[in-house]
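1. Provide a 3D model corresponding to the input given below.
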Amino acid sequence: MKKVSLNLAGSLGLLGVIGAVAATPAFAETGVSQVSQAINNDPVAQNVTSVSQLSDVKPTDWAFTALQSLVERYGCIAGYPDRTFRGKQATSRYEFAAGLNACLDKINEIISAGLADKVSKADLATLQKLQEEFAAELATLRGRVDALDAKVAKLEAQQFSTTTKLSGSAIFSVQGGSGNSGTPSNSNIFVSSRVRLDLNTSFTGSDLLKTRLEVGNGTQSIPGVFGAGSTTGTNGVSSNIGFQTYGQDYTGLTGGSTFTLAKLRYDFNLGDARISLGPVMHAYDHIDTNSFANDESADFASTFFINNPLMVLVNGQTGGAGAAIDWNIGKSSFTARALYLAGNGAQAATNGVTNGGLFGDAYQLTGELEFAPKNANGDKPFAIKLQYTNGAVNNANVNAAGVNLEWKFTKGIAIFGRYGFGTIDNRGIGATTAAYTRTLFTGTNTTTAGNLSPQTWMAGLAFPDLFKEGAMAAIAVGQPFIDSNVGNASQTNLEAFYNFPVTNNIRITPDVQFIFNPNNTSGATIFVGTLRTVFSF
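-> Residues are numbered from 1 along each chain as shown. Predicted structure coming up:
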């Protein structure tokens with residue numbers, strides 16, 4: 001980099017540039033034609049009328065006199081919003097050139113106003129030398145501005161909507177399984193796909209109307225191939241409870257080649273709380289979230305490691321109707337959340353739907369309290385959530401408590417986990433519920449209606465930015481359903497993945513799973529392999 005050599009008289013022009021640049025660090029990105037506007041209008045830059053307004057400039061500083069002259073004679077100095085100048089801050093040649101142009105514009109304004117006698121010849125000579133020295137940088141900046149202006153004009157002419165943004169993703173996945181449980185079909189290796197289109201609309205800038213359209217061909221699932229009990233509850237509402245937890249969360253979609261309305265809700269602020277309500281909502285958007293195990297397109301493929309099965313009872317493609325609240329208590333480290341979802345909220349209790357409506361089966365009511373303190377950088381590396389869920393699936397009452405933990409204790413390593421325990425109460429409901437539980441939990445020892453007291457847990461290690469920024473690897477182990485009345489063992493799931501960003505819009509994720517004692521039946525082992533590619537826009 002070339003060095004700029006100026007005499008004492010030339011310090012006037014030099015300090016003017018540094019003053020403008022130090023006050024407006026975005027000059028190199030903003031461009032030459034916007035420099036003057038940035039100085040006069042940008043909230044980052046605050047013009048000063050006296051050098052005494054700059055709290056970190058002292059009368060004993062060697063540059064004090066020159067700065068005072070610039071303020072009083074040319075108005076070519078700006079400060080940060082906290083009224084500091086930060087004159088020792090480093091700057092690039094492009095930033096220097098942009099600041100130089102700001103001073104040139106100011107002097108041109110003075111000359112155009114017929115006040116040329118206010119500009120000294122020495123100042124003009126210094127500025128002329130600087131202009132020649134940085135001619136190449138100034139030309140480059142002008143080119144950047146012209147290109148940006150053209151892009152902005154094109155975007156404004158072709159924008160989708162002034163209030164709505166379109167985003168989406170497409171998953172292409174190849175998965176297969178092998179093992180000594182059940183009777184695998186000939187199609188135990190197959191391809192799945194899912195496409196999502198999200199329309200995010202904001203009317204005030206702080207609210208959000210979320211609309212999602214979704215289509216996929218995932219009509220098969222690996223657990224189904226190996227005979228795992230169905231997790232379908234009342235009137236087709238999908239539940240997380242059971243052993244089909246090692247299937248890919250994005251398979252098993254309904255609708256064939258027809259787009260389905262997979263999300264429709266409205267979010268808005270009410271004081272320190274965020275309110276969400278709508279006819280098509282999902283529990284995993286509001287409770288039991290985890291930075292390392294919560295997104296089937298970015299981390300674990302299986303349903304079990306994405307959510308606690310005793311906390312997310314209603315988990316179909318179209319979720320349920322209901323409402324949620326997310327309240328940060330007094331801007332502290334504590335956040336309280338509550339959620340209510342009805343799986344058949346859009347159906348009246350007619351035409352064979354005996355438990356329809358907003359308060360019918362299936363439903364869940366969940367409360368969650370999170371403690372997540374911020375560190376010096378404003379991040380939240382540690383978070384713990386205490387949870388409680390009351391709900392019903394196929395007339396089986398569920399009461400459960402849980403805990404969700406994550407801790408990124410170094411830059412590249414984090415731990416995470418979930419635990420849940422509760423009761424599934426079938427007593428007094430009748431043969432329908434008892435049959436449901438026997439079908440769902442293959443191998444149960446109970447033949448009549450009764451209570452189950454299941455537990456569930458999972459724990460894992462994550463490695464953010466492994467080998468490349470934005471990548472992540474993780475491994476986790478857990479047991480989805482532990483109950484002495486169900487089977488003669490406890491199913492244990494082990495899963496590992498590596499999510500690698502090829503570009504900003506393409507990610508490839510190999511994923512492997514081992515399922516020991518599937519369906520709580522001892523002696524069997526299943527292997528599942530998945531190669532997932534996600535395109536986002």
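2. part of a helix, is residue 266?
-> No - using DSSP: H, G, I helix; E, B strand; the rest coil, the assignment for residue 266 is strand, not a helix.
3. Show me what the closest residue to it other than its chain neighbours bridges to in the sheet.
-> Nearest non-adjacent residue to residue 266, counting by CB to CB, 6 or more residues apart in numbering: residue 209, 5.2 Å away. Yep, even glycine has a C-beta here, placed from its N, CA and C like the rest. Taking DSSP bridges as the rule, residue 209 bridges to residue 201, residue 266.
4. Could you measure from residue 209 over to residue 322?
-> 16 Å (CB to CB, to the nearest Å).
5. can you check residue 390 too?
-> Taken as CB to CB, the span from residue 390 to residue 322 is 14 Å.
6. ok so, going back, model confidence for the residue nearest to residue 266, exactly?
-> pLDDT, residue 209: 95.
7. That one - how many residues pack around it?
-> Residue 209: 17 surrounding residues under other CB atoms under 10 Å.
8. quick one on the thing from earlier: compare residue 390 and residue 322 (neighbour count), which wins?
-> residue 322 (26 against 15).
9. Distance of that one relative to residue 280?
-> 10 Å.
10. Also residue 66?
-> Computed with CB to CB, the distance linking residue 66 and residue 280 is 64 Å.
11. just residue 298 next, same as before
-> Distance of residue 298 to residue 280, given as CB to CB: 22 Å.
12. which of these two has more neighbours?
-> Taking other CB under 10 Å, residue 298 and residue 280 do not tie; residue 280 has more neighbours (21 against 17).
13. just for the stretch 301-450 of the chain, where's the confidence low?
-> Where the stretch 301-450 of the chain drops to pLDDT under 70, the residues are 348-355, 426-450.
14. Now do the strands in it.
-> For the stretch 301-450 of the chain, the strands defined by DSSP state E, counting those that start in this stretch cover 320-328, 334-342, 363-371, 382-393, 396-410, 413-425.
15. Output the fifth one as PDB, nothing but the C-alphas.
-> It refers to strand 396-410. Taking C-alpha atoms only, strand 396-410 is exported to PDB below (Å, rounded to 0.1, in the frame of the first residue of the first chain):
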ATOM      1  CA  ALA A 396     -55.200 -41.700  25.700                       C
ATOM      2  CA  ASN A 397     -54.400 -38.900  28.100                       C
ATOM      3  CA  VAL A 398     -50.800 -37.800  28.300                       C
ATOM      4  CA  ASN A 399     -49.100 -35.900  31.100                       C
ATOM      5  CA  ALA A 400     -45.400 -35.400  30.800                       C
ATOM      6  CA  ALA A 401     -42.600 -33.200  32.100                       C
ATOM      7  CA  GLY A 402     -39.200 -32.600  30.400                       C
ATOM      8  CA  VAL A 403     -36.000 -30.800  30.200                       C
ATOM      9  CA  ASN A 404     -34.100 -29.500  27.200                       C
ATOM     10  CA  LEU A 405     -30.400 -28.500  27.500                       C
ATOM     11  CA  GLU A 406     -27.700 -27.000  25.200                       C
ATOM     12  CA  TRP A 407     -24.300 -25.700  26.000                       C
ATOM     13  CA  LYS A 408     -21.700 -24.400  23.500                       C
ATOM     14  CA  PHE A 409     -18.800 -24.400  26.000                       C
ATOM     15  CA  THR A 410     -16.100 -23.700  23.300                       C
END
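16. Next, the angle strand 363-371 makes with that strand.
-> If you take axes from the mean of the first three to the mean of the last three CA atoms, to 10 degrees, strand 396-410 sits at 30 degrees to strand 363-371.
17. Could you export the strands of the stretch 301-450 of the chain as a markdown table, including distance to residue 201?
-> Listed next are the strands of the stretch 301-450 of the chain as a markdown table, based on distance: least, CB to CB, whole Å:
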| stretch | distance to residue 201 |
| --- | --- |
| strand 320-328 | 19 |
| strand 334-342 | 22 |
| strand 363-371 | 27 |
| strand 382-393 | 29 |
| strand 396-410 | 30 |
| strand 413-425 | 33 |
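18. closest one to residue 155 among the ones you listed?
-> strand 320-328 (32.5 Å; CB to CB).
19. Can you list the strands that that closest one pairs with?
-> When DSSP bridges is applied, strand 320-328 pairs with strand 273-281 (antiparallel), strand 334-342 (antiparallel).
20. Output these as TSV; include the columns distance to residue 147.
-> Converted to TSV, the strands paired with strand 320-328 look like this (distance: least, CB to CB, whole Å):
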stretch	distance to residue 147
strand 273-281	39
strand 334-342	43
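21. what's the most buried one of those strands?
-> Ranked by mean neighbour count, the strands paired with strand 320-328 are led by strand 334-342 with a mean of 21 (mean count of other CB atoms under 10 Å).
22. Alpha carbons only: can I get that strand in PDB?
-> C-alpha atoms of strand 334-342 as PDB (Å, rounded to 0.1, in the frame of the first residue of the first chain):
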ATOM      1  CA  PHE A 334     -35.800 -15.900  31.600                       C
ATOM      2  CA  THR A 335     -38.400 -16.600  28.900                       C
ATOM      3  CA  ALA A 336     -41.800 -18.200  29.400                       C
ATOM      4  CA  ARG A 337     -43.700 -19.900  26.600                       C
ATOM      5  CA  ALA A 338     -47.100 -21.500  26.200                       C
ATOM      6  CA  LEU A 339     -48.700 -23.400  23.300                       C
ATOM      7  CA  TYR A 340     -52.100 -24.900  22.600                       C
ATOM      8  CA  LEU A 341     -52.700 -27.000  19.500                       C
ATOM      9  CA  ALA A 342     -55.700 -29.000  18.300                       C
END
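23. got the angle between it and strand 382-393?
-> Using the same axes, to 10 degrees: strand 334-342 against strand 382-393 is 20 degrees.
24. quick one, phi psi at the closest residue to residue 262 other than its chain neighbours?
-> In space, and not counting its chain neighbours, residue 262 is closest to residue 214: 3.7 Å by CB to CB, 6+ apart. Taking degrees, to the nearest 10, you get phi -140, psi 140 for the backbone angles of residue 214.
25. Next: residue 147.
-> Torsion angles at residue 147 (phi, psi; degrees, to the nearest 10) stand at phi -70, psi -40.
26. can you check residue 361 too?
-> Residue torsions, per degrees, to the nearest 10, at residue 361 are phi -80, psi 140.
27. my read: it touches residue 398, true?
-> No - counting by CB atoms under 8 Å, residue 361 stays clear of residue 398, with 10.8 Å between them.
28. Mean confidence (pLDDT) on the helix or strand hosting residue 97, please.
-> Residue 97 is part of helix 93-112, with elements assigned from DSSP states H and E. In this model, helix 93-112 has an average pLDDT of 72.
29. Quick check: what element follows it along the chain?
-> Using DSSP H and E, the helix or strand that follows helix 93-112 in sequence is helix 121-133.
30. so how far is residue 517 from residue 523?
-> For residue 523, the distance to residue 517 - CB to CB - is 7 Å.
31. more crowded one of these two?
-> residue 517 (20 against 11).
32. what's the burial count for the nearest residue to that one once chain neighbours are set aside?
-> The shortest distance from residue 517 to any non-neighbouring residue, by CB to CB, 6+ apart, is to residue 489 (4.0 Å). Residue 489: 18 surrounding residues under other CB under 10 Å.
33. what's the answer for residue 521, then?
-> Neighbours of residue 521 (other CB under 10 Å): 17.
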